[in-house]
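**Student:** sequence and predicted structure are below.
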Amino acid sequence: AQSVSQHNHHVILSEAASLELGCNYSYGGTVNLFWYVQYPGQHLQLLLKYFSGDPLVKGIKGFEAEFIKSKFSFNLRKPSVQWSDTAEYFCAGAGNTPLVFGKGTRLSVIA
Amino acid sequence: DTAVSQTPKYLVTQMGNDKSIKCEQNLGHDTMYWYKQDSKKFLKIMFSYNNKELIINETVPNRFSPKSPDKAHLNLHINSLELGDSAVYFCASSQGRGEAFFGQGTRLTVV
């Protein structure tokens, strides 16, 4: 079955720390991968996406992600987090089935 | 000119009632979705629909039914509401397997 998994349930970082959130996918065939962010009380917004080409993709707000096919991974990174990055982060994939989400990672950034 | 709009934003109702949530997209997308987000923030796809195919998550009770009067609308009808149906329901749309755009969500509370 096609699936996306996120292993970090809750990550707590201090401001200016570097961030890496893990995402692994299980798809047979071509897959489009996404990272979404959900700020408290809000809807999901797209951070970045990967369809093909350069495996390092850059998104909004200084986020980037790297597609590593051999590891079936699409980890999200940011060199220096801010308090305003506190949110829920979701990895998602779309293959032959509709868009499927991982369980999400809550990021708490403390001053 | 909201891209994906859903109404109502909040819905409080008693067990056993029947209710509908409306969703409209003005992006010209060919695919629309309904997701359920539970208290743990897990996003579960309920339905995926384009003008050719309805894909139903087999775990969704048949009390839930999508209704699409046209390509731009996908409403969610729920019969005989139960306490466990309380959640936030998100509508989304995409063009094929591209990025999904989400509505603001409907917080359903069943009492």
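**Tutor:** Looks like it arrived, so ask away.
**Student:** residues contacting residue A:41?
**Tutor:** Neighbour list for residue A:41: empty [criterion: C-beta atoms under 8 Å, 6 or more residues apart in numbering or on different chains]. Every residue, glycine included, has its C-beta placed from N, CA and C.
**Student:** check which helix or strand it maps to.
**Tutor:** Under DSSP states H and E, no helix or strand contains residue A:41.
**Student:** can you give me the pLDDT of it?
**Tutor:** pLDDT recorded at residue A:41 is 88.
**Student:** okay, now the unreliable bits of chain B?
**Tutor:** Within chain B, the ranges that satisfy pLDDT under 70 run B:1, B:52.
**Student:** recalculate using a threshold of 80.
**Tutor:** For chain B, the stretches flagged by pLDDT under 80 are B:1-2, B:51-52, B:56, B:58.
**Student:** what count of nearby residues applies to the closest residue to chain A within it?
**Tutor:** For chain B and chain A, the shortest gap (C-beta to the nearest C-beta) falls at residue B:48, measuring 3.6 Å. Counted with other C-beta atoms under 10 Å in any protein chain shown, residues neighbouring residue B:48 total 23.
**Student:** now the most centrally placed residue in chain B: how far from residue B:82?
**Tutor:** Nearest to the geometric centre of chain B sits residue B:34, at 3.3 Å (C-alpha atoms, centre = their mean). The span separating residue B:34 from residue B:82 equals 17 Å under the rule C-beta to C-beta, to the nearest Å.
**Student:** if we can go back for a sec, and the residue of chain B closest to chain A, what does it touch?
**Tutor:** Going by C-beta under 8 Å, 6+ apart, residue B:48 touches A:97, A:98, A:99, B:31, B:32, B:33, B:54, B:55.
**Student:** please, which helix or strand holds it?
**Tutor:** Residue B:48 belongs to strand B:43-50 when assigned by DSSP H and E.
**Student:** each with direction, which strands does that strand pair with?
**Tutor:** When pairing is defined by DSSP bridges, strand B:43-50 lines up against strand B:31-37 (antiparallel), strand B:54-56 (antiparallel).
**Student:** and residue A:30, how many neighbours?
**Tutor:** Residue A:30: 11 surrounding residues under other C-beta under 10 Å.
**Student:** could you pull out the strands for chain A?
**Tutor:** A:3-5, A:10-14, A:19-21, A:24-26, A:32-38, A:44-50, A:56-58, A:64-68, A:73-78, A:87-94, A:100-101, A:105-110 (DSSP state E).
**Student:** quick one: residue B:92 and residue B:6 touch, right?
**Tutor:** No. The criterion here is C-beta atoms under 8 Å, and residue B:92 misses it with residue B:6 at 9.5 Å.
**Student:** by mean pLDDT, flag the weakest helix or strand of chain A.
**Tutor:** strand A:100-101 (a mean of 90; mean pLDDT, DSSP states H and E).
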